[in-house]
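Colleague: following is a predicted model, sequence given first.
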Number of protein chains: 2
Amino acid sequence: TSQPALEYRKLSRISEIMKYGYPGMDQILSYSDFVVSYDRRNRVPHWVFEHITPESVRSNNNVDRSKCNFTPDPNVHPFFRADNSDYKRSGFDRGHMAAAGNHRIEQKHCDETFYLSNMAPQVGEGFNRDSWNRLERYVRKLTKDHPNVYICTGPLYLPRKEDDGKMYIKYQVLGANTVAVPTHFFKVIVAETPDKQLKMEAYVMPNQKIADETPLQVFQVRPEVIERAAGLLFFTNIQRTKLASINGKKV
Amino acid sequence: TSQPALEYRKLSRISEIMKYGYPGMDQILSYSDFVVSYDRRNRVPHWVFEHITPESVRSNNNVDRSKCNFTPDPNVHPFFRADNSDYKRSGFDRGHMAAAGNHRIEQKHCDETFYLSNMAPQVGEGFNRDSWNRLERYVRKLTKDHPNVYICTGPLYLPRKEDDGKMYIKYQVLGANTVAVPTHFFKVIVAETPDKQLKMEAYVMPNQKIADETPLQVFQVRPEVIERAAGLLFFTNIQRTKLASINGKKV
Ligand SMILES: [Mg+2]
Ligand SMILES: [Mg+2]
(Lines give C-alpha, C1' and ligand atoms only; values in the text may rest on other atoms or scores of the structure.)
(Ligands and ions follow the chains in the order given, each with its own letter.)
Protein backbone atom coordinates (compact mmCIF):
# COMPACT_ATOMS: atom_id res chain seq x y z
CA THR A 1 0.00 0.00 0.00
CA SER A 2 1.15 3.52 -0.76
CA GLN A 3 1.80 6.05 2.00
CA PRO A 4 -1.49 8.01 1.56
CA ALA A 5 -3.47 4.74 1.58
CA LEU A 6 -1.74 3.70 4.82
CA GLU A 7 -2.51 7.10 6.34
CA TYR A 8 -6.14 6.74 5.32
CA ARG A 9 -6.38 3.24 6.80
CA LYS A 10 -4.98 4.56 10.05
CA LEU A 11 -7.36 7.52 10.22
CA SER A 12 -10.34 5.33 9.52
CA ARG A 13 -9.18 2.91 12.26
CA ILE A 14 -9.02 5.84 14.72
CA SER A 15 -12.60 6.81 13.90
CA GLU A 16 -13.67 3.18 14.53
CA ILE A 17 -11.94 3.18 17.92
CA MET A 18 -13.44 6.54 18.88
CA LYS A 19 -16.87 5.78 17.36
CA TYR A 20 -18.85 6.72 20.48
CA GLY A 21 -17.08 9.96 21.30
CA TYR A 22 -13.91 11.32 22.90
CA PRO A 23 -14.23 11.25 26.70
CA GLY A 24 -12.44 14.54 27.04
CA MET A 25 -10.25 17.12 25.41
CA ASP A 26 -9.04 20.40 26.80
CA GLN A 27 -12.03 22.64 27.38
CA ILE A 28 -11.12 26.04 25.97
CA LEU A 29 -13.40 28.88 27.13
CA SER A 30 -12.96 31.91 24.89
CA TYR A 31 -14.32 35.04 26.55
CA SER A 32 -14.50 38.53 25.11
CA ASP A 33 -11.12 39.60 26.46
CA PHE A 34 -9.34 36.48 27.79
CA VAL A 35 -9.05 32.74 27.14
CA VAL A 36 -9.26 29.91 29.69
CA SER A 37 -8.15 26.28 29.41
CA TYR A 38 -10.35 24.68 32.06
CA ASP A 39 -9.16 21.71 34.12
CA ARG A 40 -12.34 19.66 34.49
CA ARG A 41 -10.71 17.32 37.00
CA ASN A 42 -9.53 20.06 39.36
CA ARG A 43 -12.39 22.56 38.68
CA VAL A 44 -9.91 25.42 38.23
CA PRO A 45 -8.08 26.66 35.12
CA HIS A 46 -5.07 24.92 33.58
CA TRP A 47 -4.07 28.33 32.30
CA VAL A 48 -5.62 31.69 31.47
CA PHE A 49 -4.32 33.94 28.71
CA GLU A 50 -4.62 37.73 28.53
CA HIS A 51 -3.41 40.46 26.21
CA ILE A 52 -3.40 43.87 27.84
CA THR A 53 -2.75 47.30 26.42
CA PRO A 54 -2.68 50.81 27.88
CA GLU A 55 -6.32 51.12 26.78
CA SER A 56 -7.60 47.87 28.32
CA VAL A 57 -6.25 48.67 31.80
CA ARG A 58 -7.11 52.40 31.87
CA SER A 59 -9.71 53.25 34.52
CA ASN A 60 -13.12 53.62 32.90
CA ASN A 61 -16.16 55.09 34.63
CA ASN A 62 -18.45 52.93 32.51
CA VAL A 63 -17.05 49.77 34.09
CA ASP A 64 -17.95 49.14 37.71
CA ARG A 65 -16.28 46.21 39.44
CA SER A 66 -18.78 46.34 42.29
CA LYS A 67 -21.49 45.31 39.81
CA CYS A 68 -19.62 42.04 39.12
CA ASN A 69 -20.73 38.86 40.88
CA PHE A 70 -18.87 35.60 41.33
CA THR A 71 -20.89 33.25 39.12
CA PRO A 72 -20.75 29.49 38.40
CA ASP A 73 -19.85 29.18 34.73
CA PRO A 74 -22.82 27.91 32.68
CA ASN A 75 -20.37 26.98 29.89
CA VAL A 76 -18.94 24.22 32.09
CA HIS A 77 -20.76 20.86 32.43
CA PRO A 78 -22.50 20.63 35.84
CA PHE A 79 -20.29 17.64 36.81
CA PHE A 80 -17.19 19.85 36.59
CA ARG A 81 -18.53 23.26 37.60
CA ALA A 82 -17.28 25.00 40.73
CA ASP A 83 -19.94 26.67 42.84
CA ASN A 84 -19.80 29.55 45.31
CA SER A 85 -20.80 27.05 48.02
CA ASP A 86 -17.50 25.18 47.48
CA TYR A 87 -15.56 28.26 48.55
CA LYS A 88 -17.91 29.31 51.35
CA ARG A 89 -16.39 28.98 54.83
CA SER A 90 -13.34 27.26 53.25
CA GLY A 91 -11.02 30.03 54.42
CA PHE A 92 -9.89 30.59 50.81
CA ASP A 93 -10.60 33.52 48.49
CA ARG A 94 -12.00 33.06 45.01
CA GLY A 95 -8.81 34.22 43.32
CA HIS A 96 -8.97 35.65 39.80
CA MET A 97 -6.54 34.17 37.28
CA ALA A 98 -7.35 36.83 34.64
CA ALA A 99 -7.37 39.89 36.91
CA ALA A 100 -10.55 41.99 36.85
CA GLY A 101 -8.47 45.18 36.66
CA ASN A 102 -7.00 44.08 33.33
CA HIS A 103 -10.38 44.16 31.55
CA ARG A 104 -11.88 47.63 31.69
CA ILE A 105 -12.94 48.43 28.14
CA GLU A 106 -16.49 47.12 28.60
CA GLN A 107 -18.53 46.04 31.61
CA LYS A 108 -18.95 42.63 29.96
CA HIS A 109 -15.16 42.07 29.94
CA CYS A 110 -15.01 42.69 33.67
CA ASP A 111 -18.14 40.59 34.35
CA GLU A 112 -16.67 37.58 32.57
CA THR A 113 -13.59 37.57 34.79
CA PHE A 114 -15.97 36.77 37.67
CA TYR A 115 -16.93 33.35 36.31
CA LEU A 116 -15.74 30.70 38.75
CA SER A 117 -14.01 29.03 35.78
CA ASN A 118 -11.51 31.91 36.01
CA MET A 119 -10.90 31.33 39.75
CA ALA A 120 -8.77 29.16 41.95
CA PRO A 121 -8.75 29.02 45.75
CA GLN A 122 -6.14 31.45 47.05
CA VAL A 123 -5.01 32.35 50.53
CA GLY A 124 -6.65 35.76 51.10
CA GLU A 125 -4.59 37.83 53.50
CA GLY A 126 -0.92 38.00 52.57
CA PHE A 127 -1.49 36.46 49.14
CA ASN A 128 -4.52 37.24 46.94
CA ARG A 129 -5.11 40.59 48.63
CA ASP A 130 -1.42 41.41 49.00
CA SER A 131 1.62 39.93 47.25
CA TRP A 132 -0.22 38.25 44.35
CA ASN A 133 -2.09 41.52 43.87
CA ARG A 134 1.25 43.33 43.92
CA LEU A 135 2.41 41.10 41.06
CA GLU A 136 -0.83 41.80 39.13
CA ARG A 137 -0.36 45.55 39.56
CA TYR A 138 3.27 45.30 38.49
CA VAL A 139 2.25 43.49 35.29
CA ARG A 140 -0.49 46.04 34.61
CA LYS A 141 2.03 48.88 34.98
CA LEU A 142 4.20 47.31 32.28
CA THR A 143 1.66 48.74 29.81
CA LYS A 144 3.02 52.24 30.66
CA ASP A 145 6.03 51.60 28.44
CA HIS A 146 4.99 48.43 26.59
CA PRO A 147 2.12 48.80 24.11
CA ASN A 148 1.35 45.06 24.23
CA VAL A 149 1.65 42.74 27.19
CA TYR A 150 0.74 39.03 27.03
CA ILE A 151 0.11 37.15 30.27
CA CYS A 152 -0.32 33.46 30.97
CA THR A 153 -1.45 32.67 34.53
CA GLY A 154 -2.22 29.39 36.21
CA PRO A 155 -1.94 27.00 39.13
CA LEU A 156 0.84 24.57 40.01
CA TYR A 157 0.75 21.42 42.13
CA LEU A 158 4.34 20.99 43.17
CA PRO A 159 5.74 17.82 44.74
CA ARG A 160 7.38 17.76 48.17
CA LYS A 161 9.61 15.21 49.81
CA GLU A 162 8.03 13.68 52.89
CA ASP A 163 9.64 12.02 55.89
CA ASP A 164 9.68 8.63 54.13
CA GLY A 165 12.08 10.12 51.55
CA LYS A 166 9.51 9.87 48.74
CA MET A 167 8.06 12.71 46.68
CA TYR A 168 4.34 13.46 46.89
CA ILE A 169 1.93 15.89 45.33
CA LYS A 170 -0.66 16.88 47.90
CA TYR A 171 -3.35 19.52 47.79
CA GLN A 172 -6.61 20.24 49.53
CA VAL A 173 -9.93 20.10 47.66
CA LEU A 174 -12.93 22.20 48.62
CA GLY A 175 -16.62 21.50 48.90
CA ALA A 176 -19.00 19.14 47.17
CA ASN A 177 -17.31 19.78 43.82
CA THR A 178 -13.80 19.11 45.18
CA VAL A 179 -12.24 22.32 43.86
CA ALA A 180 -8.45 21.98 43.97
CA VAL A 181 -6.35 24.35 46.10
CA PRO A 182 -3.13 24.77 44.09
CA THR A 183 0.13 24.78 46.02
CA HIS A 184 1.56 27.61 43.84
CA PHE A 185 0.60 29.98 41.04
CA PHE A 186 2.59 31.10 38.03
CA LYS A 187 2.63 34.04 35.66
CA VAL A 188 4.61 34.10 32.45
CA ILE A 189 4.65 37.47 30.71
CA VAL A 190 5.83 38.74 27.36
CA ALA A 191 6.02 42.52 27.06
CA GLU A 192 6.55 44.20 23.70
CA THR A 193 8.55 47.43 23.70
CA PRO A 194 7.66 50.37 21.38
CA ASP A 195 10.48 49.17 19.08
CA LYS A 196 8.99 45.63 19.02
CA GLN A 197 11.51 43.95 21.28
CA LEU A 198 10.06 41.11 23.35
CA LYS A 199 10.93 40.70 27.03
CA MET A 200 9.85 37.66 29.05
CA GLU A 201 9.37 37.38 32.79
CA ALA A 202 8.29 34.29 34.74
CA TYR A 203 7.12 34.08 38.35
CA VAL A 204 6.08 31.34 40.77
CA MET A 205 4.51 32.24 44.12
CA PRO A 206 3.48 29.81 46.86
CA ASN A 207 -0.22 29.94 47.77
CA GLN A 208 0.48 31.23 51.26
CA LYS A 209 0.95 34.39 53.31
CA ILE A 210 3.96 36.24 51.91
CA ALA A 211 5.63 39.16 53.68
CA ASP A 212 4.64 42.43 51.94
CA GLU A 213 8.20 43.66 51.72
CA THR A 214 9.38 40.61 49.72
CA PRO A 215 10.66 41.91 46.36
CA LEU A 216 8.89 40.37 43.36
CA GLN A 217 12.23 39.36 41.83
CA VAL A 218 12.53 36.72 44.55
CA PHE A 219 9.76 34.81 42.74
CA GLN A 220 11.35 34.88 39.30
CA VAL A 221 12.21 31.46 37.86
CA ARG A 222 13.39 30.16 34.53
CA PRO A 223 10.30 29.65 32.34
CA GLU A 224 11.31 26.00 31.75
CA VAL A 225 10.80 25.30 35.45
CA ILE A 226 7.14 26.25 35.11
CA GLU A 227 6.79 24.47 31.79
CA ARG A 228 7.99 21.15 33.22
CA ALA A 229 5.85 21.40 36.33
CA ALA A 230 2.69 22.58 34.59
CA GLY A 231 2.95 20.38 31.50
CA LEU A 232 2.79 23.49 29.31
CA LEU A 233 4.98 25.26 26.75
CA PHE A 234 4.78 29.04 26.76
CA PHE A 235 4.90 31.39 23.78
CA THR A 236 5.90 28.63 21.38
CA ASN A 237 5.55 31.03 18.44
CA ILE A 238 8.53 33.01 19.74
CA GLN A 239 12.00 31.48 19.57
CA ARG A 240 13.44 31.80 23.07
CA THR A 241 16.74 33.01 21.64
CA LYS A 242 14.92 35.86 19.87
CA LEU A 243 13.80 37.36 23.17
CA ALA A 244 15.54 40.58 24.22
CA SER A 245 15.59 39.42 27.86
CA ILE A 246 14.30 36.82 30.31
CA ASN A 247 13.72 38.05 33.86
CA GLY A 248 15.65 41.20 33.04
CA LYS A 249 18.76 39.36 31.84
CA LYS A 250 19.88 39.47 28.22
CA VAL A 251 19.27 36.15 26.46
CA THR B 1 -23.18 45.59 14.64
CA SER B 2 -24.86 42.48 13.32
CA GLN B 3 -24.39 39.10 15.00
CA PRO B 4 -21.87 37.72 12.45
CA ALA B 5 -19.83 40.91 12.70
CA LEU B 6 -19.78 40.61 16.48
CA GLU B 7 -18.73 36.97 16.20
CA TYR B 8 -15.96 37.98 13.82
CA ARG B 9 -14.75 40.70 16.15
CA LYS B 10 -14.64 38.22 19.00
CA LEU B 11 -12.71 35.61 17.00
CA SER B 12 -10.20 38.15 15.84
CA ARG B 13 -9.78 39.34 19.45
CA ILE B 14 -9.06 35.73 20.50
CA SER B 15 -6.36 35.42 17.87
CA GLU B 16 -4.82 38.68 19.16
CA ILE B 17 -4.78 37.34 22.72
CA MET B 18 -3.33 33.99 21.64
CA LYS B 19 -0.92 35.55 19.11
CA TYR B 20 2.18 33.74 20.42
CA GLY B 21 0.69 30.27 20.75
CA TYR B 22 -1.51 28.16 23.03
CA PRO B 23 0.53 26.92 26.01
CA GLY B 24 -1.23 23.58 25.97
CA MET B 25 -4.13 21.56 24.72
CA ASP B 26 -4.84 17.90 25.25
CA GLN B 27 -2.12 15.88 23.58
CA ILE B 28 -3.86 13.11 21.65
CA LEU B 29 -1.56 10.26 20.56
CA SER B 30 -3.24 8.19 17.86
CA TYR B 31 -1.54 4.81 17.50
CA SER B 32 -2.36 2.07 15.02
CA ASP B 33 -4.83 0.31 17.30
CA PHE B 34 -5.52 2.59 20.29
CA VAL B 35 -5.76 6.27 21.21
CA VAL B 36 -4.16 8.05 24.19
CA SER B 37 -4.94 11.42 25.74
CA TYR B 38 -1.65 12.18 27.47
CA ASP B 39 -1.49 14.12 30.73
CA ARG B 40 1.66 16.17 30.29
CA ARG B 41 1.58 17.34 33.91
CA ASN B 42 1.37 13.85 35.42
CA ARG B 43 3.37 12.00 32.69
CA VAL B 44 0.71 9.28 32.45
CA PRO B 45 -2.43 9.07 30.29
CA HIS B 46 -5.64 10.95 31.03
CA TRP B 47 -7.42 8.13 29.24
CA VAL B 48 -6.73 5.43 26.67
CA PHE B 49 -9.33 4.19 24.21
CA GLU B 50 -9.48 0.74 22.61
CA HIS B 51 -11.85 -1.09 20.29
CA ILE B 52 -11.41 -4.84 20.44
CA THR B 53 -12.94 -7.60 18.37
CA PRO B 54 -12.65 -11.40 18.35
CA GLU B 55 -9.95 -10.97 15.69
CA SER B 56 -7.83 -8.37 17.51
CA VAL B 57 -7.51 -10.45 20.69
CA ARG B 58 -7.03 -13.87 19.03
CA SER B 59 -3.61 -15.37 19.71
CA ASN B 60 -1.36 -14.83 16.71
CA ASN B 61 1.99 -16.53 16.20
CA ASN B 62 3.24 -13.58 14.18
CA VAL B 63 2.99 -11.31 17.23
CA ASP B 64 5.50 -11.90 20.01
CA ARG B 65 5.07 -9.96 23.21
CA SER B 66 8.57 -10.87 24.35
CA LYS B 67 9.92 -8.79 21.45
CA CYS B 68 8.28 -5.67 22.89
CA ASN B 69 10.32 -3.22 24.94
CA PHE B 70 9.17 -0.51 27.30
CA THR B 71 10.17 2.65 25.41
CA PRO B 72 10.03 6.38 26.20
CA ASP B 73 7.59 7.89 23.72
CA PRO B 74 9.39 10.06 21.13
CA ASN B 75 6.03 11.69 20.31
CA VAL B 76 6.01 13.36 23.73
CA HIS B 77 8.07 16.52 24.35
CA PRO B 78 11.19 15.71 26.43
CA PHE B 79 9.94 17.95 29.26
CA PHE B 80 6.91 15.68 29.74
CA ARG B 81 8.26 12.28 28.76
CA ALA B 82 8.42 9.44 31.29
CA ASP B 83 11.59 7.38 31.20
CA ASN B 84 12.35 3.82 32.27
CA SER B 85 14.69 5.29 34.91
CA ASP B 86 11.68 6.92 36.62
CA TYR B 87 10.18 3.50 37.31
CA LYS B 88 13.44 1.76 38.15
CA ARG B 89 13.69 0.70 41.81
CA SER B 90 10.44 2.58 42.51
CA GLY B 91 8.68 -0.59 43.54
CA PHE B 92 5.98 0.03 40.93
CA ASP B 93 5.30 -1.81 37.68
CA ARG B 94 4.99 -0.06 34.36
CA GLY B 95 1.29 -0.81 34.03
CA HIS B 96 -0.29 -0.88 30.57
CA MET B 97 -3.46 1.17 30.13
CA ALA B 98 -4.20 -0.31 26.67
CA ALA B 99 -3.42 -3.97 27.44
CA ALA B 100 -0.81 -5.62 25.20
CA GLY B 101 -3.03 -8.71 24.87
CA ASN B 102 -5.76 -6.64 23.21
CA HIS B 103 -3.57 -5.80 20.18
CA ARG B 104 -2.49 -8.94 18.38
CA ILE B 105 -3.24 -8.33 14.71
CA GLU B 106 0.23 -6.97 13.94
CA GLN B 107 3.51 -6.83 15.85
CA LYS B 108 3.42 -3.04 15.52
CA HIS B 109 0.12 -2.85 17.43
CA CYS B 110 1.62 -4.76 20.33
CA ASP B 111 4.89 -2.78 20.19
CA GLU B 112 3.05 0.53 20.46
CA THR B 113 1.33 -0.50 23.69
CA PHE B 114 4.84 -0.57 25.24
CA TYR B 115 5.36 3.19 24.88
CA LEU B 116 5.66 4.69 28.36
CA SER B 117 2.93 7.14 27.31
CA ASN B 118 0.55 4.15 27.62
CA MET B 119 1.77 3.32 31.15
CA ALA B 120 1.09 4.37 34.68
CA PRO B 121 2.82 3.17 37.85
CA GLN B 122 0.87 0.22 39.26
CA VAL B 123 1.38 -1.94 42.30
CA GLY B 124 2.78 -5.17 40.83
CA GLU B 125 1.88 -8.12 43.01
CA GLY B 126 -1.82 -8.28 43.85
CA PHE B 127 -2.73 -5.59 41.33
CA ASN B 128 -1.11 -5.28 37.87
CA ARG B 129 -0.12 -8.94 37.82
CA ASP B 130 -3.30 -10.16 39.50
CA SER B 131 -6.65 -8.43 39.98
CA TRP B 132 -6.19 -5.70 37.36
CA ASN B 133 -5.04 -8.41 34.96
CA ARG B 134 -8.14 -10.39 35.89
CA LEU B 135 -10.27 -7.41 34.86
CA GLU B 136 -8.35 -7.10 31.57
CA ARG B 137 -8.91 -10.80 30.81
CA TYR B 138 -12.58 -10.51 31.69
CA VAL B 139 -12.98 -7.61 29.24
CA ARG B 140 -11.08 -9.51 26.55
CA LYS B 141 -13.41 -12.49 27.00
CA LEU B 142 -16.40 -10.28 26.33
CA THR B 143 -15.42 -10.53 22.64
CA LYS B 144 -16.54 -14.18 22.73
CA ASP B 145 -20.17 -13.09 22.50
CA HIS B 146 -19.80 -9.39 21.64
CA PRO B 147 -18.43 -8.61 18.17
CA ASN B 148 -17.37 -5.09 19.23
CA VAL B 149 -16.08 -4.00 22.60
CA TYR B 150 -15.03 -0.41 23.36
CA ILE B 151 -12.83 0.27 26.38
CA CYS B 152 -11.80 3.50 28.07
CA THR B 153 -9.11 3.08 30.73
CA GLY B 154 -7.38 5.62 32.91
CA PRO B 155 -6.08 6.79 36.27
CA LEU B 156 -7.92 8.49 39.10
CA TYR B 157 -6.59 10.70 41.90
CA LEU B 158 -9.27 10.41 44.55
CA PRO B 159 -9.51 12.71 47.58
CA ARG B 160 -9.40 11.40 51.15
CA LYS B 161 -10.41 13.00 54.39
CA GLU B 162 -7.46 13.50 56.74
CA ASP B 163 -7.37 13.86 60.51
CA ASP B 164 -7.91 17.62 60.29
CA GLY B 165 -11.36 16.94 58.76
CA LYS B 166 -10.33 18.39 55.37
CA MET B 167 -10.23 16.57 52.02
CA TYR B 168 -6.90 16.14 50.23
CA ILE B 169 -5.70 14.63 46.99
CA LYS B 170 -2.32 13.03 47.57
CA TYR B 171 -0.21 10.85 45.34
CA GLN B 172 3.42 9.84 45.01
CA VAL B 173 5.51 10.94 42.01
CA LEU B 174 8.42 8.90 40.69
CA GLY B 175 11.88 9.78 39.46
CA ALA B 176 13.39 12.80 37.81
CA ASN B 177 10.30 13.23 35.61
CA THR B 178 7.88 13.07 38.56
CA VAL B 179 5.62 10.38 37.07
CA ALA B 180 2.35 10.33 39.01
CA VAL B 181 1.25 7.20 40.87
CA PRO B 182 -2.55 7.23 40.56
CA THR B 183 -4.57 6.25 43.62
CA HIS B 184 -7.06 4.27 41.50
CA PHE B 185 -7.71 3.11 37.93
CA PHE B 186 -10.95 2.95 36.00
CA LYS B 187 -12.31 1.04 33.05
CA VAL B 188 -15.55 1.94 31.29
CA ILE B 189 -16.66 -0.60 28.71
CA VAL B 190 -19.35 -0.71 26.06
CA ALA B 191 -20.00 -4.15 24.58
CA GLU B 192 -22.14 -4.58 21.49
CA THR B 193 -24.21 -7.77 21.25
CA PRO B 194 -24.72 -9.58 17.91
CA ASP B 195 -28.17 -7.91 17.73
CA LYS B 196 -26.56 -4.46 18.27
CA GLN B 197 -27.61 -3.93 21.86
CA LEU B 198 -25.13 -1.89 23.89
CA LYS B 199 -24.19 -2.87 27.44
CA MET B 200 -22.05 -0.65 29.66
CA GLU B 201 -19.89 -1.66 32.60
CA ALA B 202 -17.78 0.62 34.79
CA TYR B 203 -15.07 -0.35 37.26
CA VAL B 204 -12.81 1.45 39.74
CA MET B 205 -9.98 -0.42 41.44
CA PRO B 206 -7.59 0.97 44.07
CA ASN B 207 -3.91 0.87 43.07
CA GLN B 208 -3.05 -1.63 45.79
CA LYS B 209 -2.82 -5.34 46.56
CA ILE B 210 -6.29 -6.84 46.14
CA ALA B 211 -7.21 -10.34 47.32
CA ASP B 212 -7.41 -12.67 44.31
CA GLU B 213 -10.78 -14.05 45.32
CA THR B 214 -12.47 -10.63 45.31
CA PRO B 215 -15.24 -10.77 42.69
CA LEU B 216 -14.89 -8.13 39.96
CA GLN B 217 -18.46 -6.94 40.59
CA VAL B 218 -17.27 -5.47 43.88
CA PHE B 219 -15.48 -2.81 41.81
CA GLN B 220 -18.45 -1.80 39.69
CA VAL B 221 -19.58 1.82 40.11
CA ARG B 222 -22.03 4.09 38.38
CA PRO B 223 -20.23 5.61 35.38
CA GLU B 224 -21.07 9.13 36.62
CA VAL B 225 -18.89 8.53 39.67
CA ILE B 226 -15.88 8.09 37.38
CA GLU B 227 -16.93 10.95 35.13
CA ARG B 228 -17.06 13.45 38.01
CA ALA B 229 -13.75 12.30 39.49
CA ALA B 230 -11.85 12.10 36.20
CA GLY B 231 -13.30 15.22 34.57
CA LEU B 232 -14.43 13.10 31.62
CA LEU B 233 -17.71 12.15 29.92
CA PHE B 234 -17.84 8.63 28.50
CA PHE B 235 -19.50 7.48 25.30
CA THR B 236 -21.25 10.80 24.77
CA ASN B 237 -22.50 9.64 21.37
CA ILE B 238 -24.73 7.07 23.10
CA GLN B 239 -27.75 8.24 25.06
CA ARG B 240 -27.44 6.59 28.47
CA THR B 241 -31.13 5.66 28.39
CA LYS B 242 -30.59 3.80 25.11
CA LEU B 243 -28.20 1.34 26.76
CA ALA B 244 -29.54 -2.19 27.30
CA SER B 245 -27.83 -2.39 30.69
CA ILE B 246 -25.34 -0.71 33.01
CA ASN B 247 -23.31 -3.06 35.23
CA GLY B 248 -25.69 -5.87 34.33
CA LYS B 249 -28.80 -4.01 35.41
CA LYS B 250 -31.48 -2.94 32.91
CA VAL B 251 -31.44 0.85 32.40
MG1 LIG C 1 -7.03 38.42 43.08
MG1 LIG D 1 -0.77 -4.79 33.18
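Modeller: On my side now, so go ahead. Ligands and ions are numbered 1, 2, ... in the order given.
Colleague: mind listing what's buried along the worst-scoring helix or strand of chain A on mean pLDDT?
Modeller: When each helix and strand of chain A is scored by mean pLDDT, DSSP states H and E, helix A:3-17 comes last, with a mean of 81. Using 16 or more other CB atoms under 10 Å in any protein chain shown as the test for burial, helix A:3-17 gives A:13, A:14, A:17. C-beta: built from backbone N, CA, C; applies to glycine.
Colleague: any chance of a markdown table for those residues, columns distance to chain B?
Modeller: Listed next are those as a markdown table, based on distance: CB to the nearest CB, whole Å:
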| residue | distance to chain B |
| --- | --- |
| A:13 | 7 |
| A:14 | 5 |
| A:17 | 4 |
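Colleague: what residues does the stretch 101-250 of chain A put near chain B?
Modeller: The stretch 101-250 of chain A comes close to chain B at residues A:150, A:152, A:157, A:159, A:166-174, A:178, A:180, A:188, A:190, A:224, A:227-238, as judged by CB under 8 Å from any CB of the partner chain.
Colleague: one more pass at 7 Å, please.
Modeller: The stretch 101-250 of chain A comes close to chain B at residues A:150, A:152, A:159, A:166-173, A:178, A:190, A:227-228, A:230-238, as judged by CB under 7 Å from any CB of the partner chain.
Colleague: how about residue A:205, nearest residue that isn't a chain neighbour?
Modeller: residue A:219 (5.1 Å; CB to CB, 6 or more residues apart in numbering or on different chains).
Colleague: can you check residue A:54 too?
Modeller: residue A:143 (4.8 Å).
Colleague: can you pull the contacts of that neighbour?
Modeller: Residues in contact with residue A:143 (CB atoms under 7 Å, 6 or more residues apart in numbering or on different chains) are A:52, A:53, A:54, A:57, A:149.
Colleague: among the buried residues of helix A:3-17, which one sits closest to residue A:36?
Modeller: Nearest to residue A:36 among the buried residues of helix A:3-17 is residue A:14, at 28.1 Å by CB to CB.
Colleague: look up how far ligand 1 lies from the nearest residue to that closest one once chain neighbours are set aside.
Modeller: Distances taken as CB to CB, 6+ apart put residue B:30 closest to residue A:14, at 5.0 Å, once the chain neighbours are dropped. Distance, residue B:30 to ligand 1, using CB to the ion, to the nearest Å: 40 Å.
Colleague: with residue A:169 instead?
Modeller: Distance from residue A:169 to ligand 1, counting by CB to the ion: 24 Å.
Colleague: okay but that residue is in contact with residue A:157, surely?
Modeller: Yes: in terms of CB atoms under 7 Å, residue A:169 counts as a neighbour of residue A:157; the distance is 5.2 Å.
Colleague: re the thing from before, just to be sure, the residue nearest to residue A:54 is in a strand?
Modeller: No: applying DSSP: H, G, I helix; E, B strand; the rest coil, one finds residue A:143 to be helix, outside a strand.
Colleague: what pLDDT does it get?
Modeller: Listed pLDDT for residue A:143 reads 97.
Colleague: which residue ranges form the strands in the stretch 151-251 of chain A?
Modeller: A:160-161, A:167-174, A:179-180, A:184-192, A:198-206, A:245-246, A:249-250 (DSSP state E, counting those that start in this stretch).
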